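A.B. asks: Kindly return the folded structure for what I paste below:
(2 chains)
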Amino acid sequence: MNKTLFLGTLAAGAMLAGIAAAGTLDDVKARGVLNCGANTGLTGFGAPDANGDYQGFDVDLCKAVAAAVLGDQSKVKYVPTTGETRFTALASGEVDLLVRNSTWTFSRDTDLKLDFVAVNYYDGQGFLVRKDLGVTSAKELGGATICIQTGTTTELNLADYFKSNSLEYTPVTVVDDADAQRQFLAGACDAFTTDASGLASARATLPNPDDYVVLPEIISKEPLGPVVRHGDNNWGDIVRWTYYALVEAEEKGITKANVEEMAASSTDPEVRRLLGVEGEQGKFLGLDNDWAKRAIAANGNYGEIFETNLGESTPIKLARGLNALWSQGGLQYAPPFR
Amino acid sequence: MQFTRTEMLPPRAPPVSQSGALKWVRENLFSSWLNATLTILSGLVVYSLVKLSAPWLLHAVWNANSLSECRSVIAANFGPDAGGACWAMIRARWYQWIFGFYPPEVYWRPILNFGLLFVAMAPILFSDNLRGSVKLVGVVAALTILGLALAQGSWGLFALLSAIMLVSLAVAAWAPRYLLIATVLYPFATVWLLWGGSIWGPLLALAGFALIVPVYRALSPRFGLVVATTGGVIVASLWWFVLQGYVADALQTAIPLGIVAVESDKFGGFLLAFLIGVSSISISLPIGILLALGRQSNMVLIKALSVGFIEFVRGVPLITMLFTASLLLQYFLPPRVQFDLILRVIILVTLFSAAYNAEVVRGGLAALPKGQSEAADALGLDYWQAQRLIIMPQALKVSIPGIVSTFIGLFKDTTLVSFVGLQDPLRGITSIVRADIDWKGIYWEPYIFVAAIFFVACYGMSRYSLYLERKLGTDHR
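C.D. replies: Predicted structure coming up:
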């Protein structure tokens, strides 16, 4: 009885929070600041730098949304969230938008009453091994010791994968990535498994990166994306289409540098609609017509954001892979701006 | 013939086995077969530990811009397979471990605040030891001035702040009584210095306390102590929660006085650990004492409430309390009310440690013979007088080790706030620095650095409690 009462109160409180925050766009505009749930320690995706300014691939999406909605990419308050607090912070209204390398799963979308509005990074679990081990495929890892973080989905994926391939392995449990890297370096395990993006940055910081190789197999699907609350579809649309605007911009060759020029001179009707030269597209979102132009001008298009934070020019050197545009063999595909 | 000696023999040195180092070794390390074995075994353990860590410590690098640079310096100096500590990481980012993201141009505020903390504590820590108090304030003033000299800021500001510290020292030396004023004002000064903004808020909050006195004076002759106190608190609360905001705004418009505001999310590192630790420690002791008294009370309601609170809080892990602070409270508050996360955490950590303190103090109370309170009654002292003059001084004296170990535990537990997204020095800041591609892959150095600072603080507390025990002579010799 008491428990029911308690849960009821909680649900009522949540609903109240949900109703009152129904107009997230109005709230953000009134506040003048976008509250963005961020990661505090994931190389390349989101972390404060030496000056305490947040940088990264996920952070740039927050900035793009702030630029689209508020006209200024610096008007973001980054709320540090942990793996445990992130979804509650969103549900309780503490943040308007969560961009924290969160995997889109069925239960999160339905049971937690959240909306994953897009996938800004297609990740997946992979393996890092020493080259002199002579292994070229994860299927040859039978009998290996594997460093694995406990209590994560990666642990379950690993068990599934080895079971379905009837292979044996010995798990070496580690507490976090830093611990895993230390153990792997010390030779406590033959392979280290986590998301492929994490493996790339781990490999980049090992003493001799060329002595190590990431195996080609990706054993799980980890679509990471921005999350908003259930029930505020207009706000969800804004985040979704801001993201698609960045993808579309890459496809159309609109960059941070040439966005003004494209707006002035392009004859492509789709570019003109996207950049607000033609049509009234911003109005449908409750924004002005320059929203997409500002989002792109903030940190460039999707490809530029990828390149500055994760790509070949950074020490992480991640290849686009699945995150290339659909026209280049990847999965990034923006619906038409029409 | 004479066989009698004519002169004294010179004294001979004692046998080798009965003097000097050999005797000490024999008696202390090899007095029996068991001890000899244990000595040899522990010697081996110490040797292997030193052998393991010494090269790593000796190969330390202080000047580098990234972990890979550290590695190449070590490889160049000590061979390709040598390992070594990369303290360059601490050198590059120490300020984030100390201040979090606090704006560097106003580092003087936390530094001054930290110095004033000891000035405010001196009259309490060394209540009847002038020399101790002056020594503490002197050392702290010197360190604070040094810290301020290293921080950014104009010369005028530096002169002003140094003057504040020197005046504190002078007061501590020649008018120690007046140092208590600093103690009373310190909490308000902390809030203003750390969070900044208008000075009127803290000043008017202080005025709220001043309101209690006249109300109490007006009511107490006619209605007695309880009603008068309650009345005072109600009037003060009305002032704090209803009127103060408007008055502060009005005053700020009329006479704008203030410093740059710093938001809570800029707090981190040891600034945060000390803020949470010191506030919780200082507030939880009085609450703990009241709870302990409540638990022993004859009044059923008060007793039940105290027992319920203590048992409930002690039955719940601190992590749960922190999650409550960060997640649950937000659901119950109206959506637009942003109740500061640090404040929420301080409140719940305080309640948590108050429950533990209550039990420690209750242990002290239980150690007192019943005759003490009966004697107090026989003298005609009322309840509070008896507690203040007879019971508490003795009970607290007995409980000092327990209380201090609760405090030390609490201070170290402040690192748990990283689970609710605050930037504690151990996990929060460390993971932020490790996320930088330059320092990713570093492991032991941040832990050792943070542990060293925690050790200094906790060891200081422990030494102080030993001093206090010695001074109060708890062993009834």
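
A.B. asks: now for the strand or helix carrying residue A:248, which elements pack on it?
C.D. replies: Using DSSP states H and E, residue A:248 sits in helix A:233-252. Secondary structure elements in contact with helix A:233-252, counted by 3 or more Cβ pairs under 8 Å, 6 or more residues apart in numbering or on different chains; DSSP states H and E, are helix A:24-31, helix A:57-70, strand A:222-229, helix A:269-274, helix A:281-285, helix A:291-299, helix A:302-309. Every residue, glycine included, has its C-beta placed from N, CA and C.

A.B. asks: any low-confidence regions in chain B?
C.D. replies: Residues of chain B that meet the criterion pLDDT under 70 lie in B:1-2, B:333-338, B:474-477.

A.B. asks: again, only this time at 80
C.D. replies: Applying pLDDT under 80 to chain B picks out residues B:1-3, B:16-20, B:220, B:224-226, B:327-339, B:473-477.

A.B. asks: And the stretch 1-150 of chain A, by the same measure?
C.D. replies: A:1-22.

A.B. asks: Now do the strands in it.
C.D. replies: A:34-38, A:47-48, A:54-55, A:76-80, A:97-103, A:114-116, A:121-123, A:125-130, A:144-149 (DSSP state E, counting those that start in this stretch).

A.B. asks: In the stretch 1-150 of chain B, what residue lies closest to chain A?
C.D. replies: residue B:101 (3.4 Å; Cβ to the nearest Cβ).

A.B. asks: in chain B, which helix has the most residues?
C.D. replies: Longest helix in chain B, counting residues (DSSP state H): helix B:444-472.

A.B. asks: Leaving out the residues flanking it, which one is nearest to the residue sitting nearest the centre point of chain B?
C.D. replies: In chain B, the residue lying closest to the centroid (Cα atoms, centre = their mean) is residue B:278, at 4.5 Å. Of all residues not flanking residue B:278 in the chain, residue B:117 sits nearest, at 6.5 Å (Cβ to Cβ, 6 or more residues apart in numbering or on different chains).

A.B. asks: rewinding a little: I'd like the strands of the stretch 1-150 of chain A as TSV, with distance to chain B and mean neighbour count appended.
C.D. replies: Formatted as TSV, those follow (distance: least, Cβ to the nearest Cβ, whole Å; neighbours: other Cβ atoms under 10 Å in any protein chain shown):
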stretch	distance to chain B	mean neighbour count
strand A:34-38	9	26
strand A:47-48	3	25
strand A:54-55	9	21
strand A:76-80	4	22
strand A:97-103	11	26
strand A:114-116	15	21
strand A:121-123	16	21
strand A:125-130	13	23
strand A:144-149	13	20
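
A.B. asks: any idea how far residue A:32 lies from chain B?
C.D. replies: Per Cβ to the nearest Cβ, to the nearest Å, residue A:32 is found 14 Å from chain B.

A.B. asks: okay, now residue 200: neighbour count?
C.D. replies: Let's take chain A. Look at residue A:200: counted by other Cβ atoms under 10 Å in any protein chain shown, it has 22 neighbours.

A.B. asks: oops, I was thinking of chain B
C.D. replies: A count of neighbours around residue B:200, defined by other Cβ under 10 Å, yields 22.

A.B. asks: now do residue A:202
C.D. replies: Applying other Cβ under 10 Å, I find that residue A:202 has 25 neighbouring residues.

A.B. asks: Next: residue B:67.
C.D. replies: Residues near residue B:67, counting by other Cβ under 10 Å: 24.

A.B. asks: List the contacts of residue 174.
C.D. replies: No chain was given, so I picked chain A. Contacts for residue A:174 (Cβ atoms under 8 Å, 6 or more residues apart in numbering or on different chains) come out as A:147-150, A:180, A:183.

A.B. asks: Let me rephrase: I mean chain B.
C.D. replies: For residue B:174, the contact set (Cβ under 8 Å, 6+ apart) is empty.

A.B. asks: Can you give me the buried ones in the longest helix of chain B?
C.D. replies: If you call a residue buried by 16 or more other Cβ atoms under 10 Å in any protein chain shown, then helix B:444-472 has these buried ones: B:445-446, B:449-450, B:453-454, B:457-458, B:461, B:464-465, B:468-469.

A.B. asks: do the same with stretch B:259-271
C.D. replies: Those buried within stretch B:259-271 under the rule 16+ other Cβ under 10 Å are B:262, B:265-271.

A.B. asks: Mind checking if that stretch is in reach of chain A?
C.D. replies: Yes - under the criterion of Cβ under 8 Å from any Cβ of the partner chain, chain A is reached by stretch B:259-271 at B:265-266.

A.B. asks: what's the straight distance from one end of that stretch to the other?
C.D. replies: Start-to-end span of stretch B:259-271 (Cα to Cα, to the nearest Å) is 19 Å.

A.B. asks: Close to chain B: what parts of the stretch 151-300 of chain A are there?
C.D. replies: Contact residues (Cβ under 8 Å from any Cβ) of the stretch 151-300 of chain A with chain B: A:176, A:178-179, A:181-182, A:185, A:201-202, A:204-207.

A.B. asks: ok so, going back, nearest to residue A:240, out of the helices and strands packed on helix A:233-252?
C.D. replies: Smallest distance to residue A:240 across the helices and strands packed on helix A:233-252 (Cβ to Cβ): 8.1 Å, for strand A:222-229.

A.B. asks: Helices of the stretch 201-350 of chain B, start to end?
C.D. replies: Secondary structure of the stretch 201-350 of chain B (DSSP state H, counting those that start in this stretch): helices at B:225-238, B:244-254, B:269-295, B:300-314, B:318-323, B:329-332, B:341-367.

A.B. asks: buried stuff in the shortest one?
C.D. replies: The one in question is helix B:329-332. B:329-331.

A.B. asks: Cheers, nothing more for now.
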